[in-house]
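Undergrad: just to be clear, the model below is a prediction. Sequence and coordinates:
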Amino acid sequence: DAGITQSPRHKVTETGTPVTLRCHQTENHRYMYWYRQDPGHGLRLIHYSYGVKDTDKGEVSDGYSVSRSKTEDFLLTLESATSSQTSVYFCAISGNRGRYGNSPLHFGNGTRLTVT
Amino acid sequence: KNEVEQSPQNLTAQEGEFITINCSYSVGISALHWLQQHPGGGIVSLFMLSSGKKKHGRLIATINIQEKHSSLHITASHPRDSAVYICAVGETSGSRLTFGEGTQLTVNP
């Protein structure tokens, strides 16, 4: 299995507080993604990265920011958490053959975030 | 925008049955992925394909590019196959990966 670790696995926080989720990979893959998974919506892309310090927005990026200061780490930050950001967050990585779809995806185990 | 539709949404089968899950999409793609997610668990990539057919153990995935349709088959199903199966497509434009909502499969002993 691809080496991807998400932390924390579970998080409960209050509305208005900042939250940072971490994704760490040991595969040296170029592409890293943050998705959220909600009932009735499937997986939706929040942000992705195509290299160190190279990031771009996905379809549901409002309220989220990311940073990638080194190849192995991709951080997702909720600057001021809201109840609508209660979700399960998945990090994924893929190899160097394309931004989407052209390389196998490997997912982390997810982070369950509850905003009260 | 690519629309990805999976059917059925829910499927219950008896152990040993042959199972088919379908995925249809609306625009040209570079590749299609089948993913598996067990309850409370992570997401595992089963197949990535852009043409023809792939087989891994009891799982078979096929794709018909002209008809914009893919199927995932499970032969001799087993309770441990119970999971959500997700189809995802990467568009030829290379701009995004679109996911279906998943098919919940339950295999009873």
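TA: That came in fine, so what should we check first?
Undergrad: the lowest-mean-pLDDT helix or strand in chain B and chain A, any residue contact?
TA: Using mean pLDDT, DSSP states H and E, strand B:97-99 stands out as the lowest-scoring helix or strand of chain B, at a mean of 85. Yes - remark: strand B:97-99 sits within contact range of chain A at B:Leu97, B:Phe99, by C-beta under 8 Å from any C-beta of the partner chain. The way it works is simple: take the backbone N, C-alpha and C, and place the C-beta from them, glycine included.
Undergrad: so who does the residue positioned nearest the centre of chain A touch?
TA: Nearest to the geometric centre of chain A sits A:Trp34, at 2.4 Å (C-alpha atoms, centre = their mean). With contact taken as C-beta atoms under 8 Å, 6 or more residues apart in numbering or on different chains, A:Trp34 is in contact with A:21, A:23, A:45-48, A:58, A:64, A:66, A:74, A:76, A:89-91.
Undergrad: ok, B:Leu105 next?
TA: Contacts of B:Leu105 (C-beta under 8 Å, 6+ apart): B:Leu11, B:Thr12, B:Ala13, B:Ile19, B:Ile21, B:Ile74, B:Asp81, B:Ser82, B:Ala83, B:Val84, B:Tyr85.
Undergrad: residues near residue 41, how many?
TA: Since no chain was named, I'll use chain A. As a burial measure, A:His41 scores 12 neighbours (other C-beta atoms under 10 Å in any protein chain shown).
Undergrad: that's the wrong chain, I wanted chain B
TA: When counting by other C-beta under 10 Å, one arrives at 12 neighbours for B:Gly41.
Undergrad: surely it meets A:Asn109?
TA: Yes - look at B:Gly41 against A:Asn109 with C-beta atoms under 8 Å: they come within range, at 7.3 Å.
Undergrad: run a quick neighbour tally on the closest residue to chain A within chain B.
TA: The minimum distance from chain B to chain A, using C-beta to the nearest C-beta, falls at B:Gly90 (1.3 Å). For B:Gly90, the count of nearby residues is 26 (other C-beta under 10 Å).
Undergrad: now B:Asn10
TA: Neighbour number of B:Asn10 under other C-beta under 10 Å is 10.
Undergrad: what's the helix or strand for the nearest residue to it once chain neighbours are set aside?
TA: Nearest non-adjacent residue to B:Asn10, counting by C-beta to C-beta, 6 or more residues apart in numbering or on different chains: B:Gln104, 4.8 Å away. Element membership for B:Gln104, per DSSP states H and E: strand B:103-108.
Undergrad: please save the CA atoms from that strand in CSV.
TA: Extracted C-alpha coordinates of strand B:103-108, given in CSV (Å, rounded to 0.1, in the frame of the first residue of the first chain):
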residue,chain,number,x,y,z
THR,B,103,-23.0,1.9,-5.1
GLN,B,104,-23.6,0.4,-1.7
LEU,B,105,-23.1,-3.4,-2.0
THR,B,106,-24.2,-5.8,0.7
VAL,B,107,-23.5,-9.5,0.3
ASN,B,108,-25.3,-11.7,2.7
